[in-house]
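Student: This is the structure alone, sequence omitted:
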């Protein structure tokens with residue numbers, strides 16, 4: 001299955017025009033799209049805002065300078081993430097539908113249960129955090145999405161296979 005087309009920076013006059021365009025696409029395809037996963041809504045974080053754009057957007061299109069740095073102000077835009085903004089909804093919808101080539105599993109990170117969605121043929125992942133409201137209904141919070149490197153692919157395959165095996169026990 002082919003992914004949505006990339007959104008290259010070279011199609012725009014400057015970074016600001018590009019940033020505004022991919023933010024509009026993010027709002028349309030993710031934040032305001034009414035996405036669901038396993039029958040539960042997928043939501044995004046809006047606060048704290050950066051340059052009048054929601055937190056979830058910045059976390060989606062950028063990466064920390066190193067894994068120990070948790071300061072959001074230090075994050076650096078990643079053009080591979082930026083040009084794949086349309087892929088986020090595509091991955092969630094295909095994993096939810098059980099489309100071949102898309103897998104998902106749960107893991108624990110920093111005391112949270114995450115769902116990792118992997119578009120295997122495209123080495124792209126989306127991460128959702130499971131959330132429960134005070135009233136009880138569950139939802140998923142979009143955490144991030146990124147392109148995978150070779151060592152991450154090996155780690156993902158091992159983690160996914162172990163989780164799936166545990167589900168069948």
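Tutor: Done, it's in. All of these numbers come straight from a predicted model, not from anything done at the bench.
Student: who does the longest helix along the chain touch, helix- and strand-wise?
Tutor: Counting by DSSP state H, the longest helix found in the chain is helix 150-167. With contacts taken as 3 or more C-beta pairs under 8 Å, 6 or more residues apart in numbering; DSSP states H and E, helix 150-167 sits against strand 102-109, strand 112-119. All C-beta atoms are positioned from the backbone trio N, CA, C, and that covers glycine.
Student: Provide the strand pairings for the helix or strand just after the last one, with the direction of each partner.
Tutor: It refers to strand 112-119. Toward the C-terminus, strand 112-119 is succeeded by strand 124-132 as the next helix or strand (DSSP states H and E). According to DSSP bridges, strand 124-132 forms sheet pairs with strand 112-119 (antiparallel), strand 138-147 (antiparallel).
Student: for the longest one, which positions count as buried?
Tutor: Yep, that's strand 138-147 we're talking about. Going by neighbour count (16 or more other C-beta atoms under 10 Å), the buried part of strand 138-147 is 139, 140, 141, 142, 143, 144, 145, 146.
Student: thinking again about what came up before, please produce JSON lines containing the helices and strands packed on helix 150-167, extended by mean pLDDT and distance to residue 1.
Tutor: Shown next, in JSON lines, are the helices and strands packed on helix 150-167 (pLDDT from 0 to 100; distance: least, C-beta to C-beta, whole Å):
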{"stretch": "strand 102-109", "mean pLDDT": "92", "distance to residue 1": "8"}
{"stretch": "strand 112-119", "mean pLDDT": "94", "distance to residue 1": "9"}
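Student: Now do residue 104 against residue 91, distance only.
Tutor: Distance check for residue 104 against residue 91: by C-beta to C-beta, to the nearest Å, it reads 9 Å.
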